[in-house]
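Peer 1: all I have is the shape, not the residue letters:
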């Protein structure tokens, strides 16, 4: 039997915009140190320029901190009471460097039930595309949230 989920299906494909998000040298350095990655491209501007970049390079997962700046609507799911973050996947598509201004566009990708040992949960998946000031896609971030009965 297939579970019929009740939620606002009109949100599929509807884009939610956010930004701009400024990428500064201090943000790159602080993020790099917080994830324990001391790559000189992330922490030393001279090394980044010597490698051919216009400034410090951001770690590929930097966009994850900007995802929270996107206001996502309530999908009005008629299921469960407990909601929690269930995972995140980042697909870097290009370099993010100091001085970039990023914009984000998020949409509801999918909503699906899954039944396991602990019962049924519903997963809500949002996908966010980040572009730089030139319109180039630099990353896609997919976030999943789970709802339990």
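Peer 2: Good, I have the coordinates. Computed from a predicted structure; not experimentally measured.

Peer 1: for this structure, give me the ranges with low pLDDT.
Peer 2: 1-2 (pLDDT under 70).

Peer 1: look up phi and psi at the residue nearest to the spatial centre of it.
Peer 2: Central residue of the chain (C-alpha atoms, centre = their mean): residue 141, 3.5 Å from the mean position. The phi and psi values for residue 141, taken as degrees, to the nearest 10, are phi -120, psi 130.

Peer 1: once you drop chain neighbours, what's closest to it?
Peer 2: Leaving aside its sequence neighbours, residue 141 sits nearest to residue 128 (C-beta to C-beta, 6 or more residues apart in numbering; 4.7 Å). To be clear about C-beta, it is placed using only N, CA and C from the backbone, and glycine gets the same treatment.

Peer 1: tell me what the one you found is bridged to.
Peer 2: For residue 128, the beta-bridge partners are residue 106, residue 141 (DSSP bridges).
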